[in-house]
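S.K.: 3D model of this:
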Amino acid sequence: MSTAARELIVASSNPGKLRELRGLLGDLAVELSGLERVPGLVLPEEGDEYAANAAAKALAVARAAGRLALADDSGLEVAGLGGAPGPRSARFGGPGRDDAGRVRALLAALAGATGEARAARFVCVVALATPQGAVVTRRGECRGRILEAPRGTSGFGYDPIFVASGTQVSFAELPEAEKSRRSHRGNAVRALLPELRRALEA
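M.R.: Next comes the predicted model:
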């Protein structure tokens, strides 16, 4: 197996996401890099379908870098918001907001909501693409509920306000290994592992 075949470029510059993926792929002989490997690349504009978004990002990176590429598209779907923000989670509340700002916007949108209205799920689709244009996707999800206020300092995104079913603490309070065991991204990546191993060995 060549060095090039063992390199996997992730279509993200989010340090939290890269750290999580390194943990999930730690058993593979693979070197994980982020978007710093393809400076200047502009990722495709995202739409309303997780799988289409993930596939488009993975293909863009794989073709630009000439390497295997991994991308994910994920979102938080909240019952009391009709399934929003969904694939638009990273842009919820308007442009210019950071993670904390989006969390505040979501809590404000849910103000006064109780019971089933606070039921939610994280959804993730991961895509693996080759420079030749082959793409495979896998989906994972994690069900839970939305807290009334943030808790915890780990994780990223909406982790501080999401409690997974079967736990009493937010994703931002869970140890990283436990979060990965339960998370939408962990479930999606584990489903993709057989395809990833085959691609790395090709």
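S.K.: three-state assignment of the most centrally placed residue in the chain?
M.R.: The C-alpha lying nearest the average C-alpha coordinate of the chain belongs to residue 74 (C-alpha atoms, centre = their mean; 4.5 Å). Per DSSP: H, G, I helix; E, B strand; the rest coil, the local secondary structure of residue 74 is strand.
S.K.: Report the contact partners of it.
M.R.: Taking C-beta atoms under 8 Å, 6 or more residues apart in numbering, we find residue 74 in contact with 50, 89, 122-125, 184-185. The way it works is simple: take the backbone N, C-alpha and C, and place the C-beta from them, glycine included.
S.K.: And residue 136, by the same measure?
M.R.: Shown in contact with residue 136 (C-beta under 8 Å, 6+ apart): 127-128, 192, 195.
S.K.: returning to what we had before: give me the subset of the contacts of residue 74 lying in strands.
M.R.: 122-125 (DSSP state E).
S.K.: Can you give me the buried ones in stretch 66-81?
M.R.: Judged by neighbour count (16 or more other C-beta atoms under 10 Å), stretch 66-81 contains these buried residues: 67-81.
S.K.: Ok, stretch 149-157 next?
M.R.: Within stretch 149-157, the residues that count as buried by 16+ other C-beta under 10 Å are 150-151, 155, 157.
S.K.: Considering those residues, which is situated nearest to residue 140?
M.R.: Distance to residue 140 across those (C-beta to C-beta) is lowest for residue 157, with 15.3 Å.
S.K.: Going through the contacts of residue 136, which ones are buried?
M.R.: Counted by 16+ other C-beta under 10 Å, these give 127-128, 192 as buried.
S.K.: Got phi/psi on residue 86?
M.R.: phi 60, psi -140 (degrees, to the nearest 10).
S.K.: from memory it sits against residue 77, does it?
M.R.: Yes - between residue 86 and residue 77 a contact is recorded at 5.3 Å, counting by C-beta atoms under 8 Å.
S.K.: Overlap of the contact sets of those two?
M.R.: residue 123.
S.K.: Give me the contacts around stretch 14-26.
M.R.: Applying C-beta under 8 Å, 6+ apart, the contact partners of stretch 14-26 are 8, 10, 12, 32, 34, 70, 72, 155-157, 176-177, 179-180, 183, 185-186, 189-190, 196.
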